[in-house]
Each structure stands twice: as structure tokens, then as C-alpha cells.
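A.B. asks: just need the structure, nothing else, for what follows:
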Amino acid sequence: MKLTRSRTLQTIVLVMVVIGLIALALGGYLTPVSRYLLSPVIVAQTWLSTRFTAIQNYLSSPQDITRLRDRNTALEAEVSRLQTEIINLKQQIDETRVLSALVDFARVNPEYRYVAASVIGHQRQKGWLITDAGWMALSQDRGTSRQKTDQGYGVVCDIEGRPYPDLIVVDAYQEHGIIARRPGLGKEVEWQKFPIGSMVRILPNHACATGAMHDRYYVVDGTAEVISVWPRINGY
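C.D. replies: Residues are numbered from 1 along each chain as shown. All right, here's what the predicted structure looks like:
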């Protein structure tokens with residue numbers, strides 16, 4: 001009987017304590033206590049969270065570096081491609097300007113002012129075509145050196161008179177001339193187009209000085225066919 005009363009009394013006391021705690025909590029009296037008791041727990045939780053984030057970043061950083069390196073490699077490849085396209089576009093613009101200058105130059109020079117020349121040698125390591133037309137055939141006039149487009153010692157054309165936009169006579173000796181690509185054009189000469197013995201036409205810088213080097217003139221009319229031979233008139 002006494003044991004039953006004791007348990008009942010304990011239950012009542014426990015209920016009253018709980019009710020009291022609830023009342024104190026609702027009244028805000030337990031807030032400082034709860035903060036004091038929970039502060040170590042919060043600090044420990046923050047410390048663990050910080051360390052976990054640091055470890056996670058450390059483990060994932062190699063993957064991020066790899067992705068950044070791959071991205072950087074891709075960007076470098078794209079920059080290289082764009083630079084190549086810019087260089088090609090500049091070469092095309094330069095070739096277009098040269099071709100335009102050739103067309104303008106050819107308009108004021110009739111067909112009979114071309115000099116026919118034979119390819120007599122190759123120096124591939126230097127990018128040279130050697131012809132049998134030197135300054136005795138073309139003159140040493142370098143008037144175009146002061147113009148926007150330098151034509152060397154003459155513009156090189158095929159046997160039909162169509163200009164090659166990338167070839168000029170870059171140098172002339174007494175009995176032979178040197179044909180090469182224009183300065184700044186890095187492409188190699190298309191050697192198969194100019195076998196030894198093949199013929200080209202050269203549009204010289206100065207028709208009068210060139211004409212004075214020859215005793216007769218072979219006249220053509222837009223083709224390779226000679227339609228007349230004009231003897232040279234000497235004296236004034």
C-alpha cells in the first residue's frame with residue numbers, strides 16, 4: 001500500500017515539474033539556459049561542417065582543375081583556329097589586291113608588249129624559276145617599286161597572257177631572270193605548272209625600254225598565235 005502511494009506521489013511530482021518547465025519555457029525564462037547548454041553543441045556542429053566542406057573541396061578540386069585545363073586547351077585550339085583563319089583571310093585580301101592591280105596594269109598594256117620567256121631551270125630550295133629573259137630582254141626599269149604594288153621586274157603570265165597573281169620576276173641578270181612568289185605569300189611555287197622548257201609571258205614595267213632591247217616584235221591577238229611580225233625602227 002505504501003509502495004503504491006509512493007509511486008503515485010512521484011508521478012504527481014514529475015507531472016508538476018514537467019508542467020513547470022513548460023510554463024517557464026513558454027514564459028521565456030529557459031531561453032538563456034537553453035542557449036548556454038546548446039552553445040557547445042552548435043560550435044561543435046559548425047566546426048564539423050566546416051571541416052567536412054574543406055575535405056569535400058579538397059577531394060573534388062583535382063576534377064575541377066582537370067575540367068579547367070580541358071577548357072583552357074579547347075580555348076587555345078579555338079584561338080589558334082581563328083588566328084589561322086585571319087592569316088588566310090589576309091592572304092586572300094592581299095592576293096585580291098594584287099590581282100586587281102594586275103588587271104588595271106594589263107588594261108593599259110596591249111598584248112604585243114609581253115615578252116615570251118622559257119623556263120630553263122628550277123631552284124626549289126630557294127623557290128625560284130629560272131628563265132632565259134634577263135634585263136637584256138626586260139630592261140632594268142623598276143618604276144613599280146615606288147607604287148603601292150611592286151611588280152618586281154615584270155608580271156608573270158601564262159602563255160595565253162593571263163597573269164599569275166602570285167608570281168613576279170623578282171630579279172634580273174643579263175641573260176636570265178628569276179621568277180618567284182611575291183614577298184609575303186608563303187605558299188610554294190606549283191612546280192608542275194612550270195616544267196623546264198615551258199613558256200611564260202612577262203609583262204615588263206616599261207614597254208619602251210623593253211622594246212629597245214629587241215630587233216623585231218611578234219604580235220598576238222589575245223592568244224599564243226603570232227599574227228604578225230613588226231621590224232624595229234631605229235633612230236629618231
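A.B. asks: any idea how far the closest residue to P231 other than its chain neighbours is from S139?
C.D. replies: Spatial nearest neighbour of P231, chain neighbours left out: R216 (5.3 Å); criterion: C-beta to C-beta, 6 or more residues apart in numbering. From N, CA and C alone the C-beta is placed, and that goes for glycine too. Taking C-beta to C-beta, to the nearest Å as the measure, R216 falls 17 Å from S139.
A.B. asks: these two: who's more crowded?
C.D. replies: S139 (21 against 9; other C-beta atoms under 10 Å).
A.B. asks: residues contacting the residue lying closest to the more buried one once chain neighbours are set aside?
C.D. replies: Excluding the flanking residues, the one nearest S139 by C-beta to C-beta, 6+ apart is A209, at 3.7 Å. Shown in contact with A209 (C-beta atoms under 8 Å, 6 or more residues apart in numbering): S139, Q140, D141.
A.B. asks: hmm, 10 Å instead?
C.D. replies: If you count contacts by C-beta atoms under 10 Å, 6 or more residues apart in numbering, A209 has them with W135, L138, S139, Q140, D141, G143.
A.B. asks: from Q140, how far out is it?
C.D. replies: For A209 relative to Q140 (C-beta to C-beta), the value is 8 Å.
A.B. asks: sorry, back to before: how much space between the residue nearest to P231 and W230?
C.D. replies: 7 Å.
A.B. asks: quick one: the strands in this protein, in order.
C.D. replies: Ranges of strands within the chain are 115-123, 128-131, 154-157, 163-172, 177-181, 199-204, 216-220, 226-231, based on DSSP state E.
A.B. asks: winner for burial among these?
C.D. replies: strand 154-157 (a mean of 25; mean count of other C-beta atoms under 10 Å).
A.B. asks: tell me the strands beside it, with direction?
C.D. replies: strand 163-172 (antiparallel), strand 199-204 (antiparallel) (DSSP bridges).
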